[in-house]
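Undergrad: 3D, please:
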Amino acid sequence: MTRMAAADAISDTGLHVREAGDADEALQAMDAYPDIGVLFTDIQMPGQIDGLELAEQVHKDRPDVELIITSGETKLKDSDLPDNGTFLSKPYHSSRLIEVVEKKVASRSGKSDPLSS
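TA: I've put the predicted structure just below:
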């Protein structure tokens with residue numbers, strides 16, 4: 001439900017969102033869609049690796065992708081994340097999520113296809 005709400009909020013801004021149910025799906029999407037410019041992921045997610053490991057892998061494979069990591073259980077500082085990552089603590093208001101996503105999209109100079117996992 002949380003992923004769907006976040007994806008809907010981002011989509012409402014006019015950005016294209018691709019959803020993934022776990023890290024494996026997210027990594028497949030990253031390979032299949034090179035126009036993805038922002039990864040938004042929760043640290044706690046199903047699958048073999050968590051969202052933080054996903055973000056680290058994406059940063060290694062695609063350093064051009066902007067990272068937004070969220071959690072309601074783990075508290076991190078932006079400096080704890082891969083380069084240029086932003087931590088968004090839960091609960092967050094959808095307006096804050098949109099603000100962070102739009103900032104990340106703007107920093108990518110036009111590439112605007114976020115992936116929410």
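Undergrad: just the helices in the protein please.
TA: Under the criterion DSSP state H, helices of the chain are mapped to 2-11, 23-32, 51-61, 94-107.
Undergrad: nearest to Val17, out of those helices?
TA: helix 2-11 (4.7 Å; CB to CB). No exception for glycine: its C-beta is placed from N, CA and C like everyone else's.
Undergrad: off-centre distance for that closest one?
TA: Relative to its chain's centre, helix 2-11 lies at 11 Å (CA atoms, centre = their mean, to the nearest Å).
Undergrad: same check on stretch 84-101?
TA: For stretch 84-101, the distance to the chain centre is 10 Å (CA atoms, centre = their mean).
Undergrad: what's the first-to-last distance across that stretch?
TA: 13 Å (CA to CA, to the nearest Å).
Undergrad: one more: stretch 41-61?
TA: Start-to-end, stretch 41-61 (CA to CA) is 16 Å.
Undergrad: residues contacting that stretch, please?
TA: Stretch 41-61 has contacts (CB atoms under 8 Å, 6 or more residues apart in numbering) with 2-3, 21-24, 26-27, 30, 39, 65, 67-74, 81-83, 85, 116-117.
Undergrad: quick check: which of the helices of the chain is buried the most?
TA: helix 51-61 (a mean of 19; mean count of other CB atoms under 10 Å).
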